[in-house]
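> Need the 3D shape of this:
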Amino acid sequence: MDVKHLEGIALFANLDKHQREEVARTADEIDVDAGKRLVSAGRFGYEFFVIEDGTAEVVRGDEHIADLGPGDFFGEMAILSDTVRNADVVASSPMKAMVMTDSQFRALAHRMPDVADKIREACRTRTRELQAEAEA
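Purely as a prediction, here's the structure:
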């Protein structure tokens, strides 16, 4: 994966250039067709995604929860806890995304624990923000 793709993504904003390079070496980049389901509610997650280009829709049952675009990430609970997915995420356009499996993340955490901690904290912050929005 090209490290330049990570520079403008808020999830990696607290990382220096060397740390972003390590994330880029660890993660994979995928192309996704419109209509592809990337995350399914009720299933355990083994990876998380960061949208580089394109859009996705978050749905829970028949309810539209959110639209996601470049810089947004989802599936992060796969690296924070052992819970099942709480919504479906479907590509609403062709997408390019970064994907990191839980095993890739654990390997990164072993090599560079400070990087993993920064990513975990960014994920926790986003989770708190989404919960606050839902309660408002």
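> for the protein, longest helix please?
Taking DSSP state H as the criterion, the chain has its longest helix at helix 113-135.
> how far does the helix or strand of the chain with the lowest mean pLDDT sit from the chain's center?
Across the helices and strands of the chain, mean confidence by mean pLDDT, DSSP states H and E is lowest for helix 77-80: a mean of 72. Distance of helix 77-80 from its chain centroid, counting by C-alpha atoms, centre = their mean, to the nearest Å, is 9 Å.
> Can you name the next helix or strand after it?
Of the helices and strands lying after helix 77-80 in sequence (DSSP states H and E), the nearest is strand 88-91.
> re earlier: against which helices or strands is the longest helix of the chain packed?
With contacts defined as 3 or more C-beta pairs under 8 Å, 6 or more residues apart in numbering; DSSP states H and E, helix 113-135 has these neighbours: helix 17-26, helix 77-80, helix 102-111. (Each C-beta comes from the backbone N, C-alpha and C, glycine too.)
> wait, which of these is closest to Arg124?
Among these, the nearest to Arg124 by C-beta to C-beta is helix 77-80 (6.9 Å).
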